[in-house]
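Q: okay, structure incoming, though there's no sequence with it:
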Ligand SMILES: CC(C)(COP(=O)(O)OP(=O)(O)OC[C@H]1O[C@@H](n2cnc3c(N)ncnc32)[C@H](O)[C@@H]1OP(=O)(O)O)[C@@H](O)C(=O)NCCC(=O)NCCS
């Protein structure tokens, strides 16, 4: 599609009589169409690492990065695939994703607060999520290897507004660092709020509300507020029917 648009921009440019103006128009429009970024600041970079080489500000299908501030970096490593993702960054933000099978509809809709970092390790997958990272500065979100986010996930590690006790003291502190461990499956519609930590090998049940730090690995955490409902579990990405059939087949041997 962007090749067609580029072609039309070049045709349109022919009708601009002044050479300098013509070149400016062509360059501006082409960079807009051919890039995944919209840059309103300075020193911002979108870097794609492919075959150990860094490609600066490439067009990445399915991803729009809007740099609303300055000195921010988005660093992505292949293999990685996007669909309908739109991220708004502010000042001194860093997003790094090591690799992902697919990232669909991962939205960062509001300008990320200053000095906020999002790191996602290898083999991530996501069907749909909103990360609200705009309302408090200096946050760090770390998501481990091989995490699987279902549809409709919300991550909101701060309250956005202040609450005081009767002595006028703040009682709702923002969370600076939120960690989701390796190999975590987040079920449909889960809401992850401040003070959360999700350990390795966990499953978060559909529509659960996580608002505290869990430390025991390999558990199912579910409900509102979420609690451990099963311990010592393992999970993988295959359909249960695969194993159900295998059990039947093994019995018949
Ligand atoms: C979390 C989940 C995987 C657990 O499945 P399971 O191991 O078969 O668990 P069970 O159905 O035996 O439930 C165990 C207990 O947890 C409770 N529970 C399970 N899921 C729950 C949820 N989402 N919210 C609240 N409680 C839940 C059950 O009511 C049960 O409670 P009880 O022991 O008091 O009766 C499943 O319930 C779930 O939420 N699946 C998510 C599906 C999804 O989002 N898929 C996306 C694919 S991309």
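A: On my side now, so go ahead. Keep in mind the model is a prediction, meaning the values are calculated, not measured.
Q: in the helix or strand in which residue 88 is found, what counts as buried?
A: In this structure, residue 88 sits in strand 85-89 according to DSSP states H and E. Residues of strand 85-89 classed as buried: 85, 87, 88, 89 (neighbour count, 16 or more other Cβ atoms under 10 Å). Using the backbone N, CA and C atoms, a C-beta is placed for each residue, glycine as well.
Q: and whatever residue of the stretch 1-150 of the chain ends up closest to the ligand, what pLDDT?
A: Nearest residue of the stretch 1-150 of the chain to the ligand: residue 150, at 3.6 Å (Cβ to the nearest ligand atom). Per-residue pLDDT puts residue 150 at 98.
Q: what distance do you get for it to residue 127?
A: 5 Å (Cβ to Cβ, to the nearest Å).
Q: returning to that earlier point: list the contacts of the residue of the stretch 1-150 of the chain closest to the ligand.
A: 127, 128, 185, 186, 187, 188, 189, 190, 206 (Cβ atoms under 8 Å, 6 or more residues apart in numbering).
Q: if we go to 7 Å?
A: 127, 186, 187, 188 (Cβ atoms under 7 Å, 6 or more residues apart in numbering).
Q: is the third one in contact with residue 206, as I believe?
A: Yes: with contact taken as Cβ atoms under 7 Å, residue 187 and residue 206 are classed as touching, separated by 4.0 Å.
Q: the two: which is more packed in?
A: A direct count of neighbours by other Cβ atoms under 10 Å for residue 187 and residue 206 places residue 187 higher, at 20 against 14.
Q: what's that one in contact with, if anything?
A: 150, 203, 204, 205, 206, 208.
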